[in-house]
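A.B. asks: Sharing a model prediction with you, sequence too.
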Amino acid sequence: MTDNIPLQPVRHKKRHDNKHKNGCCPWSGCCGMGDFRPRTVWLGHPEKREQRYPRNVINNQKYNFFTFLPGVLFNQFKYFFNLYFLLLACSQFVNELRLGALYTYWVPLGFVLIITIVREAVEEIRCFLRDKEVNSQIYSKLSTRGELLFSLGHMGCSCFLRTDQLDGETDWKLRLPVACTQRLPTAGDLLQIRSYVYAEEPNIDIHNFVGTFTREDGDPPVNESLSIENTLWASTVIASGTVVGVVIYTGKELRSVMNTSNPRHKIGLFDLEVNCLTKILFGALVVVSLVMVALQHFAGRWYLQIFRFLLLFSNIVPISLRVNLDMGKMVFSWMIKKDSKIPGTVVRASTIPEQLGRISYLLTDKTGTLTMNEMVFRRLHLGTVAYGMDSMDEVQSHVFSAYTQPPHDFAASRAPATTKVRKTISSRVHEAVKAIALVHNVTPVYEANGVTDQAEAEQHYEDTCRVYQASSPDEVSLVQWTESVGLTLVGRDQSSMQLRTPSGQILNFTILQIFPFTYESKRMGIIVRDESTGEITFYMKGADVVMSGIVQYNDWLEEECGNMAREGLRVLVVAKKSLTEDQYQDFEARYVQAKLSVHDRSLKVATVIESLEMEMELLCLTGVEDQLQADVRPTLEILRNAGIKVWMLTGDKLETATCTAKNAHLVTRNQDIHVFRPVTTRSEAHLELNAFRRKHDCALVISGDSLEVCLKFYEYEFMELACQCPAVVCCRCAPTQKAQIVRLLKERTGKLTCAVGDGGNDVSMIQEADCGVGVEGKEGKQASLAADFSVTQFKHLGRLLMVHGRNSYKRSAALSQFVIHRSLCISTMQAVFSSVFYFASVPLYQGFLIIGYSTIYTMFPVFSLVLDKDVKSEVAMLYPELYKDLLKGRPLSFKTFLIWVLISIYQGSIIMYGALLLFESEFVHIVAISFTSLILTELLMVALTVQTWHWLMVVAELLSLACYVASLVFLHEFIDIYFIATLSFVWKVTVITLVSCLPLYVLKYLRRRFSPPSYSKLTS
């Protein structure tokens, strides 16, 4: 925070992960916070503060400098298997349990811990830098910091607010200042007056606010009520102008934070499956140890023998499994970040990249995620003729002729009949364009552009300085279109409007009445008087469902509205009605009387307005398109073909959401749409669910209010029906409701979910999903900072899932099973060796051999499996059906696990029995033959597993073999160097290795020949 004067517009946007709900730290006492309470905030008198408030900073770090190392170690050893390996290492300090050198157990454990600590340190540093960047953004301030409440506006004593990051609504909201502060000379004078704000306690409701503003230095004191119209919540943006405010809420008391759920530590499904397999391996370890002792008939101190066998066979549970998978995840994350096809992609959670390969449900926001929130005028339909983007020049010529031709043209009157038809169409086009230019709530605002100052621009209606402000981007697009065809809105205040014709003439209209658009009425109207002619006209525009009963009878409205809606256009019906002076005066008298009514005011006002809304002249239909993000349609098509069901959760209106779903082809052309009727009671929900049950293969559109009722009374039935739909659209959803839907999907289906969003209102959903993807765009970074993965465009999601998700999952499955195979092989050999030598608890390999086996001799080839791929990325994108195979979890299942266990037992037994049969005189020859055969078998098995060779794989194989050959010089303690140089050693090792590997190569060939996997057909 700095004390920069003059003030600038506050456009700062904050992300709150709400890691500690009780304050800035885990100890809420330090922040002086208890329950939420109302507060009185004095302007310019911080010494009168009655209580302490939360700090206005964010902290997303898991540790600090002092808790980092203890915290990381605790999080590692709180899991049974890490604790198990620690106990194994510690047991070697007991002489009766020691099986070899201490470093045999401590070096692998230390290596795993160092890798984990380094990874956590990197994540913490990145998190610290991200938090520092956000916390360092500058506010201009006059007093204390935090969430704002207006006390001084700009021109016109009002401003517009963008709230899409808070509630998902694209409409701009009008905000009003406190009236009694508008006459102050400067902003600094706010701190000199004696005044205070009383505000209600913090709560979750973003649509309401109760407070008062009191100024005590007046006579009498001024007491002014405050409502939602006087507030500016955090995570909203001032559309234009300058605002001065007083801080009311900070930190955890912000509305945006209270609507954000706690972030949870995500553990991947793959990790849980591997954890389950390691539990089975641990069970096998205990069973083998007990069997060995049982075969000794529990002689002597058998309980010590059990512990020795547990140590001897500890390789059954591979300590390197966790570190191999963690390093693999880091490689997958690096590959995602370095992919030039999806630039700007950031991996914030490097522990779950393989989750991207098994997504069944994708839940996406609409505004800013699927769409660009930029409305474009596409169609003008007059019933007998329609104008698209390619014929707007005709509209322009009609408008031009309407204002340039003299009213009485002798030549035109003597023209043939075709000219009269053309003139009729011209007048209809002109009337439609004029109506569109008048029936709206748009205000033109002029800003200085460096050449022209604001006052001059406003006086001369400078086109280059003009921007349009409105509560809806639809209205702005309509007014911009009328400007493009020649009729420009150049001025407006609360009582008048000015239009400029193609010839430069200014048309003045007096605004007599405005009937604003509401969600219930679905229409808006305006009554204006043309100052040049004195004509009074009532213009109206609205949704076809309500306007069809208001306009005069016609035979084309319903059909054309349906055609335009199927194209994904947002359709508005425009109509007009001419009024005489007497008719208007009669209406105005009744309207004023209705507004003064104390009882049933809204009903009486609506009745009076409806008396005008009869037999109106239908002028035209307008079609506006909310432009989609690049390649949204093909991306959704890819996801659908991959077996992923897409749900759209948005805070926007039902009609808007439905149009976008059609436009994006979320709902295909041959699918029906079932719009769930508004329900408020259990019986209504029951009837509507029964009606929905009778529909088949249709998309569902439901509002947040109806959804809440259904989930309250019929949660199981609703989720069962919704999950059967090919697509679901939930509109008017609150942020917490989005998270609730994600949670229910996970609980009811057991499938993996992915949530995609770009705004602060999507954070809860992103954090609740198994995979959260944030789209970083012009609306800020709240979602991308809270997400596990951050992309710059929605279309990148296709490659992220189809290529990187698929590869990460398949590679992780292959890597984990190969590490298990490597450990089971050597454990099988140990079991055979102990069985042959009277069940003795004596290790087959000691010292560096046991460490080298799982590190320098086999680590690089095994880990190189993270580079393997079955198909090229282009093929994976072209055939998304390949992704569908992964949803069944076949790459890592009990079946594949059992196959690898049997392979390990077979190879371990062949190598050990072969070495015992072929050794000559000394025990050291058994070690030399079996260990060399084991290393060669592992290298050949990696080659057998690889599907697409990478040059690094070849380097890893050759390097590992070279390391083993070179290290034989130093291993004279375990291996007879002179023996390995003989021909006898070479042929024995060759025979054993061939017997252990050749049958598997033959089986692999036969399988590929007679039962090839689906991807092999594409690679060939």
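C.D. replies: Sure thing, it's come through. Note that the structure is predicted; figures quoted are calculated from it, not measured.
A.B. asks: okay, and the helix or strand of this structure with the least pLDDT?
C.D. replies: Here the helix or strand of the chain ranked lowest by mean pLDDT, DSSP states H and E is helix 410-413, holding a mean of 37.
A.B. asks: Just give the number of residues close to residue 559.
C.D. replies: 9 (other CB atoms under 10 Å). C-beta: built from backbone N, CA, C; applies to glycine.
A.B. asks: likewise residue 592?
C.D. replies: Neighbours of residue 592 using other CB under 10 Å come to 10.
A.B. asks: Quick check: which element contains it?
C.D. replies: Using DSSP states H and E, residue 592 sits within helix 581-595.
A.B. asks: Please export the C-alpha coordinates of that helix as PDB.
C.D. replies: These are the backbone C-alpha positions of helix 581-595, laid out as PDB (Å, rounded to 0.1, in the frame of the first residue of the first chain):
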ATOM      1  CA  GLU A 581     -50.700  13.100 -26.600                       C
ATOM      2  CA  ASP A 582     -54.000  12.200 -24.900                       C
ATOM      3  CA  GLN A 583     -53.200   8.500 -24.800                       C
ATOM      4  CA  TYR A 584     -49.800   9.200 -23.200                       C
ATOM      5  CA  GLN A 585     -51.200  11.700 -20.600                       C
ATOM      6  CA  ASP A 586     -53.800   9.100 -19.600                       C
ATOM      7  CA  PHE A 587     -51.100   6.400 -19.300                       C
ATOM      8  CA  GLU A 588     -48.800   8.700 -17.300                       C
ATOM      9  CA  ALA A 589     -51.500   9.600 -14.800                       C
ATOM     10  CA  ARG A 590     -52.300   5.900 -14.100                       C
ATOM     11  CA  TYR A 591     -48.600   5.000 -14.000                       C
ATOM     12  CA  VAL A 592     -47.800   7.700 -11.400                       C
ATOM     13  CA  GLN A 593     -50.700   6.700  -9.300                       C
ATOM     14  CA  ALA A 594     -49.600   3.000  -9.400                       C
ATOM     15  CA  LYS A 595     -46.100   4.000  -8.300                       C
END
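A.B. asks: The following helix or strand past that helix: which residues count as buried?
C.D. replies: Toward the C-terminal end, the helix or strand that comes next after helix 581-595 (DSSP H and E) is helix 601-612. By 16 or more other CB atoms under 10 Å, the buried positions in helix 601-612 come out as 604-606, 608-609, 612.
A.B. asks: Residue 198 in helix, strand or coil?
C.D. replies: With DSSP: H, G, I helix; E, B strand; the rest coil as the basis, residue 198 sits in strand.
A.B. asks: which ones are touching it?
C.D. replies: Counting by CB atoms under 8 Å, 6 or more residues apart in numbering, residue 198 touches 38-40, 211-212, 214.
A.B. asks: Tell me how many other residues surround the closest residue to residue 216 other than its chain neighbours.
C.D. replies: Of all residues not flanking residue 216 in the chain, residue 194 sits nearest, at 4.6 Å (CB to CB, 6 or more residues apart in numbering). By other CB under 10 Å, 14 other residues sit near residue 194.
A.B. asks: Contact partners for residue 194?
C.D. replies: 215-217 are the contacts of residue 194 under CB under 8 Å, 6+ apart.
A.B. asks: What of residue 907?
C.D. replies: Neighbours of residue 907 in contact, by CB under 8 Å, 6+ apart: 825, 828, 937, 941, 996-997.
A.B. asks: Stretch 91-108: end-to-end distance?
C.D. replies: 15 Å (CA to CA, to the nearest Å).
A.B. asks: can you offset everything so residue one is 32?
C.D. replies: That works, and once the first residue is 32, the last one we named lands at stretch 122-139.
A.B. asks: Now do it: everything it contacts.
C.D. replies: 116, 119-120, 335, 338-339, 342-343, 350-351, 872, 874, 877-878, 881-882, 885-886.
A.B. asks: Just the buried subset of these, please.
C.D. replies: For the contacts of stretch 122-139, buried by 16+ other CB under 10 Å: 116, 119-120, 338-339, 342-343, 350-351, 872, 874, 877, 881-882, 885-886.
A.B. asks: Let me know the closest of those residues to residue 689.
C.D. replies: Nearest to residue 689 among the buried ones among the contacts of stretch 122-139: residue 351, at 53.5 Å, using CB to CB.
A.B. asks: Could you tell me what pLDDT the model assigned to the closest one?
C.D. replies: pLDDT recorded at residue 351 is 81.
A.B. asks: Show me what counts as buried in the helix holding residue 623.
C.D. replies: In helix 612-626, counting by 16+ other CB under 10 Å, buried: 615, 618, 621-622, 625.
A.B. asks: CA-only coordinates of stretch 495-503 in CSV, if you can.
C.D. replies: The C-alpha coordinates for stretch 495-503 follow below in CSV (Å, rounded to 0.1, in the frame of the first residue of the first chain):
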residue,chain,number,x,y,z
THR,A,495,-12.6,8.5,-31.7
CYS,A,496,-13.2,9.5,-28.0
ARG,A,497,-16.6,7.8,-27.6
VAL,A,498,-17.1,4.5,-25.7
TYR,A,499,-20.5,3.0,-24.8
GLN,A,500,-21.4,2.0,-21.3
ALA,A,501,-24.4,-0.3,-20.6
SER,A,502,-25.6,-3.0,-18.2
SER,A,503,-25.5,-5.6,-21.0
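A.B. asks: from the middle of its chain, how far away would it be?
C.D. replies: Counting by CA atoms, centre = their mean, to the nearest Å, stretch 495-503 is centred 30 Å from the centre of its parent chain.
A.B. asks: got it, and stretch 472-479?
C.D. replies: Remark: stretch 472-479 is offset 34 Å from the chain centroid, using CA atoms, centre = their mean.
A.B. asks: And for stretch 609-616?
C.D. replies: 54 Å.
A.B. asks: Equivalent analysis for stretch 1005-1013, please.
C.D. replies: Put simply, stretch 1005-1013 sits 61 Å off its chain's centre (CA atoms, centre = their mean).
A.B. asks: Now do the strands in the stretch 132-281 of the chain.
C.D. replies: Under the criterion DSSP state E, counting those that start in this stretch, the stretch 132-281 of the chain contains strands at 179-183, 190-193, 203-206, 226-230, 242-246, 253-257, 262-263, 268-269, 275-278.
A.B. asks: Walk me through which strands the fourth one pairs with, and which way each runs.
C.D. replies: Based on DSSP bridges, the pairing partners of strand 226-230 within the sheet are strand 70-73 (antiparallel), strand 242-246 (antiparallel).
A.B. asks: Tell me which of the ones you listed sits nearest to residue 995.
C.D. replies: In terms of CB to CB, the element of the strands paired with strand 226-230 nearest to residue 995 is strand 70-73, at 72.3 Å.
A.B. asks: buried stuff in that closest one?
C.D. replies: In strand 70-73, counting by 16+ other CB under 10 Å, buried: 70, 72-73.
A.B. asks: can you check stretch 315-335 too?
C.D. replies: In stretch 315-335, counting by 16+ other CB under 10 Å, buried: 315-316, 319-320, 323-324, 327.
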